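Enquirer: curious how this folds, go ahead:
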Amino acid sequence: KAFNEEFSSEEKVKLIALINSAYVAPNFNLQAAMEQLNLRNNGGKMFLTVTSIKHEKLKESLYSKGDVFICSQMADAFNLPGIEAMACGMPTIQTRYGGQTDYMSEKNSWFIDDFEIVEMDMDKVGMGDAVYEGVKWAKPSIEGIRKIMRYAYDNQQEVTAKGKQAALDAENWTWKHSAEKLKCILDNI
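Expert: Reported below is the predicted structural model:
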């Protein structure tokens, strides 16, 4: 919705959105969701699909086709796709709420700071487990997302610089690096 409202069909920009079918409700209908949000195709500049994509295909299908990775999630323990995008040289736009703040910085990403803390009805989103009771999420504002997308679009040199820094910073978040840190801890026990 933020992309749809911010960019006109005349601007040289495209949105590619892959929605992982493993994380949507069984009866999710992309077309109905787009109609509910009153989204227009924006002159063919929006490509949205619900798919079950294999992890190893993400680099060639998503991470190598863009300049910025946007994940306006409301909550996440880490957001592995964010660090994967950074490893491929893409700066990210994500909320300043959740585990992704461990690897994000002002030098490698943009933070969405305009959000509202909400308590979700977990039954409504298909996660009715008691473990989620009382969990709060950060609902980013459409305007906040729009503002950062526009800034990135208008500042391509900064996108390039943040992308280079993102790739460097992502090297500290590999599985090998995590295993080495764990080994150090275990060696000191």
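Enquirer: show me which helix or strand of this structure is least confident by mean pLDDT.
Expert: Of the helices and strands making up the chain, the lowest-confidence element is helix 58, at a mean of 68, by mean pLDDT, DSSP states H and E.
Enquirer: next helix or strand past it?
Expert: strand 69-71 (DSSP states H and E).
Enquirer: give the pairing partners of that next one; include direction for each.
Expert: strand 92-95 (parallel) (DSSP bridges).
Enquirer: what does the helix or strand following the partner strand contact?
Expert: Sequence-wise, the next helix or strand downstream of strand 92-95 (DSSP H and E) is strand 109-112. With C-beta atoms under 8 Å, 6 or more residues apart in numbering as the test, strand 109-112 has contacts from 72, 86, 91-96, 101, 104, 140, 144-145, 148, 151-152, 162, 166. To be clear about C-beta, it is placed using only N, CA and C from the backbone, and glycine gets the same treatment.
Enquirer: buried set for the helix ranked longest in the chain?
Expert: In terms of residue count, the longest helix belonging to the chain (DSSP state H) is helix 156-170. Buried residues in helix 156-170, defined by neighbour count with 16 or more other C-beta atoms under 10 Å: 159, 162-163, 165-167, 169-170.
Enquirer: who does the residue sitting nearest the centre point of the chain bridge with?
Expert: Nearest to the geometric centre of the chain sits residue 71, at 1.6 Å (C-alpha atoms, centre = their mean). Here residue 71 sits in beta bridges with residue 94, going by DSSP bridges.
Enquirer: quick one: it from residue 2, how far?
Expert: In this view, residue 71 and residue 2 are 12 Å apart by C-beta to C-beta, to the nearest Å.
Enquirer: secondary structure element for residue 16, which one?
Expert: Here residue 16 is assigned to strand 15-20, by DSSP H and E.
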